[in-house]
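**Student:** Build me a structure from this.
(2 chains)
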There are 2 protein chains.
Amino acid sequence: MPTHVAVDAMGGDHAPDAVVEGALRALQRPESDLQLTLYGPEDRVQAALQAHDVPANVPLAVHHAPDVIAMEDAPASAVKTKRQSSVHLGLQAHRTGQADAFISAGNTGAVMAASMFILGRISGLERPSIVSFFPTLQGDFSIVIDVGTNVDCKPAHLHQFARMGTIYARHVMQIDEPSVGLINIGEEPGKGNEQVKVAYPLLDGDDALNFIGNVEGGDLLHHAADVLICDGFMGNVLLKFGESMTTVLSTMTKQEMQRQGLSNEEQQLVAGVLGNVQKGFDHENRGGAPLIGVNGSVFIGHGRSSARAVEQGIHSVADLATRNLVPVLEDAFAAE
Amino acid sequence: MPTHVAVDAMGGDHAPDAVVEGALRALQRPESDLQLTLYGPEDRVQAALQAHDVPANVPLAVHHAPDVIAMEDAPASAVKTKRQSSVHLGLQAHRTGQADAFISAGNTGAVMAASMFILGRISGLERPSIVSFFPTLQGDFSIVIDVGTNVDCKPAHLHQFARMGTIYARHVMQIDEPSVGLINIGEEPGKGNEQVKVAYPLLDGDDALNFIGNVEGGDLLHHAADVLICDGFMGNVLLKFGESMTTVLSTMTKQEMQRQGLSNEEQQLVAGVLGNVQKGFDHENRGGAPLIGVNGSVFIGHGRSSARAVEQGIHSVADLATRNLVPVLEDAFAAE
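**Tutor:** Below you'll find the predicted structure:
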């Protein structure tokens, strides 16, 4: 049985063109076992499809969704007033089991709010959360949770993030005993603000966690832990700061090469090395971030998603759908 | 009149050797108009001096301070129990006017606590704070306040940081109308956690500030504002994360060059470009960070300070002492 992914064709700055192209590319991958439905205004989605030679037998459908949620729409009102949007109808298809997963690169707040509203939270789990991936010197990733979903967090929320992250790392990333670190300003247990000082013993006292203690800012890229915990305010600023660093360093490098008067050949050599290093930091590698804690498999893409990012995101969310994360989370949080 | 700097000879991982060497280098600079006193156990400081040819007429004295505050000492108890430490005696010399400034690369918490205890806070200014410098794509700096001094902050504290930072930028960095930005997860005024949502109108409503609004993580290195405001928990993690990025990218670049099989000559070319880019991110450029809000001129150096960092820090704190920041801050906060 192919995995059926509902795709928000209107999500992202380059929608619907980049989404439609990404969907077609996802279906063309040799290992692909997918069935896709594109949600959006039928005329616009079909127009975008016209630009491509779509083989007749390709497992791709279009589902008409007349409402469009804009990037600048307020999430709560968009969820209430635009019930015929691609986000609503795609999520509803997922809720009723017609689709196995849903992906959107649209308005993050609206996709989150609609996911909570339509799919519902996992019982006992207070704050569904977007998981992000930080590359490490070791060539792999640490996951960071939360990165913007929950900006005001109580220590108990950080504890739940640690449990969600551990389950995600074990079941999706296949890490046996995922280590958990608490982002902090020092390594010693007593360090930090009130929030993390209270969270520390909660994490430390939970036998279900492989808690390794505090992790300082300088160690975030050294794979200090498989799962790094912070509130969404910190996580969002860190994530965007880190993404920008590679761009900034690349621009600074170009300036420096001109200052040194390097030849074109020499500049290409340097750019070739740096370009490969930067690829590790590229948000498109995974095509988006999973939203963990709702009753379903949801990926939220970057607003700037290209066709390549959409292609990758569709495969990532299809993979997530096969991991059966929801029942594991339900069991873990049932006692709350 | 030379500027007289009291120097903690026992501060930092490489003390007293690096401090003594840095002090001698600071005095040797052609433009130097300094008088220095090294505080520490006389035998150890003199032993470190023996390693150098010190000209007889150099304006350098040693003041015996038998107690030594270790990097791992708890600040509060160190301040109480080690009253004959280099930190205490150096700060006391500054308080009584014997010295114009004080610098230490030692235990940051202890130097802060002792500065508050011995020099006192500026009246009305609740939270003295360490200022940090983030390099920008424009080749200059934004200052970030706070970076670890105050981890739990009320919105009113962020407002005071903005006022302190503005005064520092105007009087020390010679920026006419320093722009102020609030570190946040989005640009719109309503964004963020409770702390910054309440702080925003305080900053926006203060006519003494050139407030330009929220600044996202991705814009911190684009000189979005001259003065960037956050609590010390966020600032400390950001600062250490940013410092580590250059090291991590440099290591990744070396790995990539080996993967690509670059010749030694080619590797040197790349390293020569990157090395110069990284210099902008080097914490030793300024030799430490000013502690603003106490009744005096205090610099706190990085624990890993080399002789070059100490040399630079001594000149930086001597420069700070000539700016007469304290009376300006006293005036500004007198009404509180």
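**Student:** partner residues bridging the most centrally placed residue in chain A?
**Tutor:** What sits nearest the mean C-alpha location of chain A, by Cα atoms, centre = their mean, is A:Ala289, with 0.7 Å. Note on A:Ala289: beta-bridge partners by DSSP bridges are A:Ile300.
**Student:** shouldn't it be in contact with A:Ser132?
**Tutor:** Yes - using Cβ atoms under 8 Å, A:Ala289 makes contact with A:Ser132 at a distance of 5.4 Å. Using the backbone N, CA and C atoms, a C-beta is placed for each residue, glycine as well.
**Student:** Return every residue with contacts to both of those two.
**Tutor:** Jointly contacting A:Ala289 and A:Ser132 under the rule Cβ atoms under 8 Å, 6 or more residues apart in numbering or on different chains are A:Val147.
**Student:** so is A:Leu27 in a helix, a strand, or just coil?
**Tutor:** helix (DSSP: H, G, I helix; E, B strand; the rest coil).
**Student:** residues in contact with it?
**Tutor:** When contacts are counted by Cβ under 8 Å, 6+ apart, A:Leu27 touches A:34, A:36, A:58-60.
**Student:** any idea how far it is from chain B?
**Tutor:** A:Leu27 sits at a distance of 33 Å from chain B (criterion: Cβ to the nearest Cβ, to the nearest Å).
**Student:** Model confidence for that residue, exactly?
**Tutor:** If you check A:Leu27, the pLDDT there is 96.
**Student:** how about low-confidence regions in the stretch 151-300 of chain A?
**Tutor:** Across the stretch 151-300 of chain A, the ranges flagged by pLDDT under 70 are A:283-284.
**Student:** at 90 what do you get?
**Tutor:** A:188-190, A:243-256, A:271-288 (pLDDT under 90).
**Student:** quick one, strands of it?
**Tutor:** Here the stretch 151-300 of chain A has its strands, by DSSP state E, counting those that start in this stretch, at A:179-183, A:210-215, A:227-229, A:289-292, A:298-300.
**Student:** chain center to the second one, what's the gap?
**Tutor:** When you say that, I think you mean strand A:210-215. For strand A:210-215, the separation from the chain centroid amounts to 23 Å (computed by Cα atoms, centre = their mean, to the nearest Å).
**Student:** cool, stretch A:66-81 as well?
**Tutor:** Per Cα atoms, centre = their mean, the centroid offset for stretch A:66-81 relative to its chain is 20 Å.
**Student:** wait, does it contact chain B?
**Tutor:** No - Stretch A:66-81 lies apart from chain B when judged by Cβ under 8 Å from any Cβ of the partner chain; the minimum separation is 9.0 Å.
**Student:** got the contact list for that stretch?
**Tutor:** For stretch A:66-81, the surrounding residues in contact (Cβ under 8 Å, 6+ apart) are A:10, A:13, A:40-41, A:82-88, A:106-107, A:109-110, A:112-114, A:117, A:303.
**Student:** quick one on the thing from earlier: and the strands of the stretch 151-300 of chain A as JSON lines, adding distance to B:Phe299?
**Tutor:** Shown next, in JSON lines, are the strands of the stretch 151-300 of chain A (distance: least, Cβ to Cβ, whole Å):
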{"stretch": "strand A:179-183", "distance to B:Phe299": "28"}
{"stretch": "strand A:210-215", "distance to B:Phe299": "27"}
{"stretch": "strand A:227-229", "distance to B:Phe299": "32"}
{"stretch": "strand A:289-292", "distance to B:Phe299": "42"}
{"stretch": "strand A:298-300", "distance to B:Phe299": "45"}
